[in-house]
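Novice: make a model of this:
(chains A, B and C)
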Amino acid sequence: MGRSPCCEKAHTNKGAWTKDEDQRLVDYIRLHGEGCWRTLPKAAGLLRCGKSCRLRWINYLRPDLKRGNFTDEEDELIVKLHSLLGNKWSVIAGRLPGRTDNEIKNYWNTHIKRKLISRGIDPQTHRPLNESAAVSTRFGYLNHEYPNTNTNNSSSSSSVPVAELPIMKPTIINAPSLDIDEEGSGTTTETEPAATHVKTEVNLELSIGLHPFQGETARGSPRSSAESRLRERSPYQFGSLCLCCQLGSDNGGECRRNCQNSKGWLFGVRPSALGSS
DNA sequence: AAGTCCCTCAACCGCCGCAAT
DNA sequence: TATTGCGGCGGTTGAGGGACT
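Specialist: Next up is the predicted model:
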């Protein structure tokens, strides 16, 4: 039993985003903040599915994205985190400020995997290739389900305390411009080399605190605390209502409900999540 | 120069968990 | 308690472009 589609497919664009679409999305979010993805496309004048807008924003247009090549430190951190978490890309991304889960996932599949294999390491088990083959055969481990990863599971959440995971700490973040590149090149601006936005330092000790803004939520992991919900929000998201709610035209109440469901509350946090009722 | 192969990565798809009703 | 609908996640696809023949 599949879900009903998240939007009417008949009247939505698909495929690569145009410069104009990017600009509309950026302009809209700049004015109204994130939230209410379902109604955002209509409010922003986009013929796109809400999910598509969300993805485009998260993975490409967000102003705090780092972009540029991965550094050796990031490489190392990704490998380490993957050995602990398996394919929990969103959690891994939460430890690398300015990187998205999609970006890390792609980078893993195209670069790191190959690098590990060339070093004789099984990218799934992080053990020597011959050894991991033997181990997985003997114990029936699948993928990253081996003793020191704690990612066995159907519960899909790692038992590694997230707060104890390594993190790459940003020391300087200059908010990059939201402006769309004049040239466009099919997409949008790559403002400046990443290093000018985020200077990072790696701490591979497993005792580092939480990154202030990026969440460590994984599918299935607890997301109930107000703190973790707050952490999930980027600073520019806070206090946002969708356009229709701000204008008081909420599609007959539907949007108001949706916004309250999701991001409409103060700081994007439901009162109940803050402990009030 | 043309054709083919290979790689990268943006975007899509389907599913899940959670909260509201 | 069951249903609904949303945001979010991980896996996968395919267009575009570079490398190679």
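Novice: make it CA atoms for all contacts and neighbour counts henceforth
Specialist: OK.
Novice: so where is the stretch 101-250 of chain A shaky, pLDDT-wise?
Specialist: A:131-165, A:169-250 (pLDDT under 70).
Novice: ok, which stretches of the stretch 51-200 of chain A are helices?
Specialist: Along the stretch 51-200 of chain A, the stretches classed as helices by DSSP state H, counting those that start in this stretch are A:72-85, A:89-94, A:101-107, A:113-118, A:129-139, A:194-197.
Novice: looking at those, which is nearest to residue A:31?
Specialist: helix A:194-197 (23.1 Å; CA to CA).
Novice: hang on, the earlier thing: dump the helices of the stretch 51-200 of chain A to TSV, plus distance to DNA strand C and mean neighbour count.
Specialist: As requested, these are arranged in TSV below (distance: least, CA to the nearest atom of the strand, whole Å; neighbours: other CA atoms under 10 Å):
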stretch	distance to DNA strand C	mean neighbour count
helix A:72-85	9	20
helix A:89-94	4	25
helix A:101-107	6	17
helix A:113-118	13	15
helix A:129-139	17	14
helix A:194-197	20	16
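Novice: which one of these lies closest to residue A:46?
Specialist: helix A:101-107 (22.9 Å).
Novice: residues near residue A:119, how many?
Specialist: By the criterion of other CA atoms under 10 Å, residue A:119 has 11 neighbours.
Novice: got a list of what the residue of chain A found nearest DNA strand B touches?
Specialist: At 3.2 Å from DNA strand B, residue A:14 is the closest residue in chain A, using CA to the nearest atom of the strand. Residues near residue A:14 by CA atoms under 8 Å, 6 or more residues apart in numbering: residue A:48.
Novice: ok but it is inside a strand, no?
Specialist: No - with DSSP: H, G, I helix; E, B strand; the rest coil as the criterion, residue A:14 is assigned coil and is not in a strand.
Novice: hang on, isn't residue A:95 packed against residue A:101?
Specialist: No - in this structure residue A:95 lies outside contact range of residue A:101 using CA atoms under 8 Å: 10.3 Å.
Novice: domain-wise, how is chain A divided?
Specialist: Domain segmentation of chain A under automatic domain parsing yields A:12-62+A:235-274, A:66-216.
Novice: so which bits of the stretch 1-150 of chain A are right by DNA strand C?
Specialist: A:6, A:35-38, A:50-51, A:54, A:87-91, A:101-102, A:105-106 (CA under 7 Å from any atom of the strand).
Novice: if we go to 6 Å?
Specialist: With CA under 6 Å from any atom of the strand as the criterion, the stretch 1-150 of chain A meets DNA strand C at residues A:6, A:35, A:36, A:37, A:38, A:87, A:88, A:89, A:90, A:101.
Novice: circling back: nearest to residue A:59, out of the helices of the stretch 51-200 of chain A?
Specialist: Across the helices of the stretch 51-200 of chain A, closest to residue A:59 is helix A:101-107 (CA to CA), at 6.9 Å.
Novice: which residues are in contact with that closest one?
Specialist: So helix A:101-107 is contacted by A:59, A:78, A:89, A:90, A:91, A:92, A:93 (CA under 8 Å, 6+ apart).
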